[in-house]
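Asks: here is my input; please provide its structure:
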Amino acid sequence: KEDGTRPLIMSFNGGPGSASVWMHVAYTGPRILNIDAEGYPVQPYGVQTNPYSILDVADIVFINPVNTGYSRVLEDENGEMLSAEEQKAMFFGVNADIKYLAEWLNTFVTRNERWRSPKYLIGESYGTNRVSGLALALQEQQWMYLNGVVLVSPTEIGIERAGLVEAANRLPYFAATAWHHKKLSADLQAKDLYEVLAEVEAFTINSYIPAIAKGGFITEQEKTDTINKVARYSGLSKQAVEQSNLDISYNFFWKELLRDEGKTIGRLDSRYLGFDKKETGDSPDYWAELTSWLHSFTPAINHYLRTELNYKTDVKYNMFGPVRPWDRTNDNTGENLRLAMAQNPYLNVLIQSGYYDGATNYFDAKYTMWQLDPSGKMKDRLSFKGYRSGHMMYLRRQDLELSNQDLREFILNTLPAENEAARYAR
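Replies: Next comes the predicted model:
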């Protein structure tokens, strides 16, 4: 709209190597793909109006980094292509990605006269690394300050959680998924999901992590008690938990939970079901949710761009582009986000996660939020919202409405009042 003071949302997906298609035609944009109320493909393929889009409160730019969507590496001023190593150094790594995108955002904002607009970054999955790093890069290299950063299904953003914490943090996700598939005991199934998760989270923090920490020197009684509890909350057998030494892998869980029914469950959204060539083994043959999504997203984005937006080209729209190997060294994006928040009193962070996401599980997201600012001085500027869906929570119609409303409220609540200064009071 012709208003240089309207909030501006700069939107990224992840991968790395993923186009912005997912949030573009399924979450915040004006048009969303044709799917059923739970997010499954339907024909005819195409798009429909998004009645919940946040365009009523903000403008959105969907950004496809190099080699995703229609974005490509161009020849240099001499008409020569950069070598693979030169491309990697310029584009394909945690910090290279942040550096060139910060420059691009400066150019976009300048050309479109949006310097006065309150600005927000939203990133999904690996896009959360990207926007966390960009928050500081924009401030320190482009002198561009933000009002908010939204982390949708966040990765670890460089915040360490390996070992026993990583193992224990899976349990609340296991419990949510088992509850959804009705694999818990009758008393747990009778409770609402939120009530179950509160109980499992408390056990994870107070009992499960300490039990795993004791390793082979845990007492027999504590080991037995822990096995019983983990089996109760995960929907797996006591034998499976014991044989895993209390450390249950994702792959095993996705294969094991519905093994007795001859089914596997999805990784990015464990509501989705698949089946394998053999019921034996410890990992699914394929990811049921990803094949489902590509089934519906690919026709929708190509139809939308060519038919409704009238952008026609023979260049292939890369749902996933060639960006690997990706340089993951020196990933300090979480710390960069913390520092950006400390430097900028206006900057707030919203985390959105699906309870049935096994790729970037919701309890890991909570843990990341807790560890982002160990001082606790900025915790009133950090918030978490959970949804009864998976990695792309917005595919479920009820959560499409709820998640957009949460975004809308976040934007409106982080616009300072007139003459409200960006300062810390004593």
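
Asks: which ones are touching Asn169?
Replies: Asn169 makes contacts with Arg161, Thr204, Asn361, Phe363, Asp364, Tyr367, as judged by CB atoms under 8 Å, 6 or more residues apart in numbering. (Glycine included, C-beta is placed from N, CA and C.)

Asks: go with 10 Å
Replies: Going by CB atoms under 10 Å, 6 or more residues apart in numbering, Asn169 touches 161, 201, 204-205, 208-209, 361-367.

Asks: any of these buried? List them.
Replies: For these, a burial check counting by 16 or more other CB atoms under 10 Å picks out Glu201, Thr204, Ile205, Tyr208, Ile209, Asn361, Tyr362, Phe363, Asp364, Ala365, Lys366, Tyr367.

Asks: contacts only, for the residue positioned nearest the centre of the chain.
Replies: Geometric centre of the chain, nearest residue: Ser153, 2.1 Å, by CA atoms, centre = their mean. Contacts for Ser153 (CB under 10 Å, 6+ apart) come out as 14, 123-128, 268, 351-354, 357, 359-362, 364-365, 387, 390-393.

Asks: then Glu38?
Replies: Listed by CB under 10 Å, 6+ apart, the contact set of Glu38 reads Asp269, Arg271, Tyr272, Ser389, Leu395, Arg396, Arg397, Gln398, Asp399.

Asks: quick check: the two most widely separated of those residues?
Replies: For these, the farthest-apart pair by CB to CB is Tyr272 and Gln398; their separation is 16.9 Å.

Asks: neighbour-wise, which of the two wins?
Replies: Tyr272 (22 against 13; other CB atoms under 10 Å).

Asks: pretty sure that one is touching Leu290, no?
Replies: Yes: the pair formed by Tyr272 and Leu290 meets the contact definition of CB atoms under 10 Å, at 8.8 Å.

Asks: which residues in the protein form strands?
Replies: 8-12, 31-33, 47-49, 59-62, 119-124, 148-152, 264-265, 273-274, 348-354, 382-387 (DSSP state E).

Asks: nearest to Asp406, of the ones you listed?
Replies: strand 382-387 (4.8 Å).

Asks: paired strands for that closest one, with orientation please.
Replies: Here strand 382-387 is paired, per DSSP bridges, with strand 348-354 (parallel).

Asks: please compute how far the partner strand lies from its chain's middle.
Replies: Distance, stretch centre to chain centre, for strand 348-354: 9 Å (CA atoms, centre = their mean, to the nearest Å).

Asks: ok, stretch 222-231 next?
Replies: Remark: stretch 222-231 is offset 31 Å from the chain centroid, using CA atoms, centre = their mean.

Asks: same check on stretch 8-27?
Replies: In terms of CA atoms, centre = their mean, the centre of stretch 8-27 is found 10 Å from the chain centre.

Asks: could you check how far the residue of the chain positioned farthest from its centre is from Leu136?
Replies: In the chain, counting by CA atoms, centre = their mean, Asn78 sits farthest out from the average C-alpha position, at 39.6 Å. For Asn78, the distance to Leu136 equals 34 Å [CB to CB, to the nearest Å].

Asks: now tabulate the strands of the chain in JSON lines and tack on distance to Leu246 and mean neighbour count.
Replies: Shown next, in JSON lines, are these (distance: least, CB to CB, whole Å; neighbours: other CB atoms under 10 Å):
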{"stretch": "strand 8-12", "distance to Leu246": "37", "mean neighbour count": "25"}
{"stretch": "strand 31-33", "distance to Leu246": "41", "mean neighbour count": "23"}
{"stretch": "strand 47-49", "distance to Leu246": "46", "mean neighbour count": "14"}
{"stretch": "strand 59-62", "distance to Leu246": "43", "mean neighbour count": "18"}
{"stretch": "strand 119-124", "distance to Leu246": "32", "mean neighbour count": "27"}
{"stretch": "strand 148-152", "distance to Leu246": "29", "mean neighbour count": "27"}
{"stretch": "strand 264-265", "distance to Leu246": "21", "mean neighbour count": "26"}
{"stretch": "strand 273-274", "distance to Leu246": "27", "mean neighbour count": "17"}
{"stretch": "strand 348-354", "distance to Leu246": "24", "mean neighbour count": "26"}
{"stretch": "strand 382-387", "distance to Leu246": "25", "mean neighbour count": "19"}
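
Asks: pretty sure Pro65 contacts Met10?
Replies: No: using CB under 10 Å, Pro65 makes no contact with Met10, being 12.0 Å away.

Asks: joint contacts of these two?
Replies: Leu101, Trp104.

Asks: tally of neighbours for Thr280?
Replies: Burial of Thr280 is recorded as 8 neighbouring residues (other CB under 10 Å).

Asks: how about Leu74?
Replies: Using other CB under 10 Å, Leu74 has 9 other residues around it.

Asks: so what's it up against?
Replies: Counting by CB under 10 Å, 6+ apart, Leu74 touches Val66, Met81, Leu82.

Asks: quick check, nearest of those residues to Asp56?
Replies: Within the contacts of Leu74, the smallest distance to Asp56 is 31.7 Å, found for Val66 (CB to CB).
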